[in-house]
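Enquirer: Pasting the sequence and the predicted coordinates here, then a few questions.
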Amino acid sequence: MTLSNGLISLILALIAIASATPALPAGPGYATARILPQIVTEAPTPVYSFRILAVYPHDPNAFTQGLVYFQGDFYESTGLHGRSSLRKVDLETGEVLQMRELPDTYFAEGLTLFDDKLYQLTWQSHIGFIYDRASFEPLDTFRYATEGWGLTQDGRELIMSDGTPNLYFLDPNTLEIRRQVEVSDENGPVWKLNELEYIDGVVYANVWQTDRIARIDPDTGRVTAWIDLTGLLPPEDRPGANVLNGIAWDEEGGRLFVTGKLWPKLFQIQLIPPTYTLYLNRIEMQGNSKAHGARKLPLEGTCKRSGGE
């Protein structure tokens, strides 16, 4: 998180004012107080909220594992043994326009579109499938040693998750791992990284069994922000629904879509930056507890990531 130069100057000015404030009266009946600036060595990762912009129908029987937006439609990978599929879905109606079912032995997972080919993972079979986007005809398969969870691409490499804190960057031609990063925030490694989407140089990742999405720097693995989607699916739609999973980005239209496993709805959302309050001083008490005149200096604003909003 970075602050603007003007905001930094204001903070420094307030610290200077606090430091120059006279001590509280001393003597019988009073405590001796010192104003001590609080220095935060590492700011917590900012948490974004959301605003719903549009709601679309979604197949409540689709166990969503991967979601891709392309030219007005979604390409969706659905999971579970005996129910796994690759689908093309109409955004406005939720109608399944095209579908290819997987053999019952496979549990389908993440999905991405690269060079007009669809890449689909499976969970524990250590095999992925490559399809022609237009026809859904199989073109090839590829192997990997880990479990398959989420999949996206940055225009150069495929990016894969396996439920651990790791993101793997794959050569799109050989499907070999070129590099990997461990994802973490100020509390340590972040586990259960699931469905992925690459948006404007950043990886967005569902975290399994939570209502949060991690926004990740692909170079360092650092979580630069959290997106809290608690309450997105209304209570009346919760019966039968599973966890939040599924992120898709309309690059041309600048639209962000999210849904979940067995959810009856798909949402277009806008992200709302957090507000924060900085307390620039605290009172360290010496003597009895009758001191008075303690001040807290709140400062509110918005969090911004490096490189702009």
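Expert: Noted; the coordinates are in hand. Numbering: from 1, shown residues only.

Enquirer: any idea how far the strand of greatest length in the chain is from the chain center?
Expert: Ranked by residue count under DSSP state E, the longest strand found in the chain is strand 47-57. Distance of strand 47-57 from the chain centroid (C-alpha atoms, centre = their mean, to the nearest Å) equals 14 Å.

Enquirer: Partner strands of it and their direction?
Expert: strand 223-228 (parallel), strand 265-272 (antiparallel) (DSSP bridges).

Enquirer: could I get these as CSV with mean neighbour count?
Expert: Placement of C-beta: from N, CA and C, glycine included. Shown next, in CSV, are those (neighbours: other C-beta atoms under 10 Å):
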stretch, mean neighbour count
strand 223-228, 20
strand 265-272, 18
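
Enquirer: Can you mark which positions in the longest strand of the chain are buried?
Expert: The neighbour-count check on strand 47-57 (16 or more other C-beta atoms under 10 Å) flags Tyr48, Ser49, Phe50, Tyr56 as buried.

Enquirer: Could you identify the helix or strand that succeeds that strand?
Expert: For strand 47-57, the following helix or strand on the C-terminal side (DSSP states H and E) is strand 64-70.

Enquirer: Report the buried residues of that next one.
Expert: When burial is assessed from 16+ other C-beta under 10 Å, strand 64-70 yields the following buried residues: Thr64, Gln65, Gly66, Leu67, Val68, Tyr69.

Enquirer: quick one: which of the strands paired with strand 47-57 is nearest Ser77?
Expert: Among these, strand 265-272 comes nearest to Ser77, with 14.6 Å by C-beta to C-beta.

Enquirer: Report the angle between the closest one and strand 64-70.
Expert: With axes from the mean of the first three to the mean of the last three C-alpha atoms, to 10 degrees applied, the angle from strand 265-272 to strand 64-70 works out at 70 degrees.

Enquirer: if we look at stretch 92-99, which residues are touching it?
Expert: For stretch 92-99, contacts defined as C-beta atoms under 8 Å, 6 or more residues apart in numbering pick out 56-59, 73, 85-90, 136, 266.

Enquirer: try stretch 189-196
Expert: Against stretch 189-196 from outside (C-beta under 8 Å, 6+ apart): 64-67, 110, 112, 149-152, 159-167, 182-184, 203-210, 214, 223, 245-247.

Enquirer: let's see 7 Å
Expert: The set of residues external to stretch 189-196 that reach it, using C-beta atoms under 7 Å, 6 or more residues apart in numbering, is 65-67, 110, 149-152, 159, 161, 163-165, 167, 182-184, 203-209, 214, 223, 245-247.

Enquirer: how far away is Phe63 from Asp217?
Expert: 30 Å (C-beta to C-beta, to the nearest Å).

Enquirer: wait, which of the contacts of stretch 92-99 is closest to Arg143?
Expert: Leu86 (18.8 Å).

Enquirer: Map the structural domains onto the sequence of the chain.
Expert: Domain segmentation of the chain under automatic domain parsing yields 5-44+275-302, 47-272.

Enquirer: Lowest average pLDDT across those domains?
Expert: Lowest mean pLDDT within the domains of the chain: domain 5-44+275-302, at a mean of 45.

Enquirer: can you give me the strands for the stretch 201-309 of the chain?
Expert: 202-207, 212-216, 223-228, 244-250, 255-260, 265-272, 275-277, 282-286, 300-302 (DSSP state E, counting those that start in this stretch).

Enquirer: can you give me the angle the longest one makes with strand 244-250?
Expert: Here strand 265-272 runs at an angle of 70 degrees relative to strand 244-250 (the same axes, to 10 degrees).

Enquirer: can you list the residues that contact strand 265-272?
Expert: 48-58, 227, 232-233, 237, 255-259.

Enquirer: returning to that earlier point: between Phe63 and Asp217, which one's more packed in?
Expert: Neighbour comparison, Phe63 and Asp217: the larger count goes to Phe63, with 20 against 16 (by other C-beta atoms under 10 Å).

Enquirer: mind checking how far that one is from His81?
Expert: As judged by C-beta to C-beta, Phe63 and His81 stand 10 Å apart.

Enquirer: count of residues packed around Gly221?
Expert: Counted with other C-beta under 10 Å, Gly221 comes out at 19.
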